[in-house]
Each structure stands twice: as structure tokens, then as C-alpha cells.
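*Asks:* Here is a sequence together with a model predicted from it:
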Amino acid sequence: MRKGLFRTELPGIGECARVDMSAGDAAPYLERSFYELLHFRPPFEQLPSRQQFEGMHGPVGASAVRGY
């Protein structure tokens, strides 16, 4: 299953989702429209914010998101 981790906004990309590294070429950040087009789960609106994700799992980094 293609999995999103959290939603955020980045300069040059805008509204996007941080996706699991198993997403391959889509990783690590995917624009909202592509996230929805490629049927990632959970739905974009249900993704936690970056701040919520970091509150649950610690600071975002390669080791912080591996395995989620």
C-alpha cells in the first residue's frame, strides 16, 4: 500500500504530503494532486500535520520516518 505520513507546505512545491520511502520515485514529498491521483492512503485530509507527526514520532529525518 502506498502510504502518506503527514501533510505540510514546502517552498516551490506548496501543499504536499511526506510519503513512506517505499513509495519509490514519489518519495519523499508528493504534491497533493499526485498523492490523490496515485491513491495513497490515508486520504490527504486525514493525514496529520507535520507538527502532529513530530509530536508522536519525534523530529522528521531519515530514521524518524522509516518503518511507519
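*Replies:* It's in. Residues are numbered from 1 along each chain as shown.

*Asks:* Farthest from the middle of this protein: give me that residue.
*Replies:* For the chain, the residue at maximal distance from the C-alpha centroid (C-alpha atoms, centre = their mean) is G12, at 16.1 Å.

*Asks:* now the chain, which segments are flagged as low pLDDT?
*Replies:* Residues of the chain meeting the criterion pLDDT under 70: 62-68.

*Asks:* Spatially central, which residue of this protein would that be?
*Replies:* Among the residues of the chain, the one closest to the centroid is R18, at 2.0 Å (C-alpha atoms, centre = their mean).

*Asks:* right, and D20 touches A26 too?
*Replies:* No - with contact defined as C-beta atoms under 8 Å, D20 does not reach A26; the gap is 9.3 Å. From N, CA and C alone the C-beta is placed, and that goes for glycine too.

*Asks:* Now do the shared contacts for those two.
*Replies:* By C-beta atoms under 8 Å, 6 or more residues apart in numbering, D20 and A26 have these common neighbours: R2.

*Asks:* re the thing from before, helix, strand or coil for the residue farthest from the centre of the chain?
*Replies:* Secondary structure, DSSP: H, G, I helix; E, B strand; the rest coil: G12 is coil.

*Asks:* from what I can see the residue nearest to the centre of the chain touches R32, true?
*Replies:* No - applying C-beta under 8 Å as the test, R18 and R32 come out as separate, 11.9 Å apart.

*Asks:* and for the two, which residues touch both?
*Replies:* Shared contacts of R18 and R32, defined by C-beta under 8 Å, 6+ apart, comprise R7.
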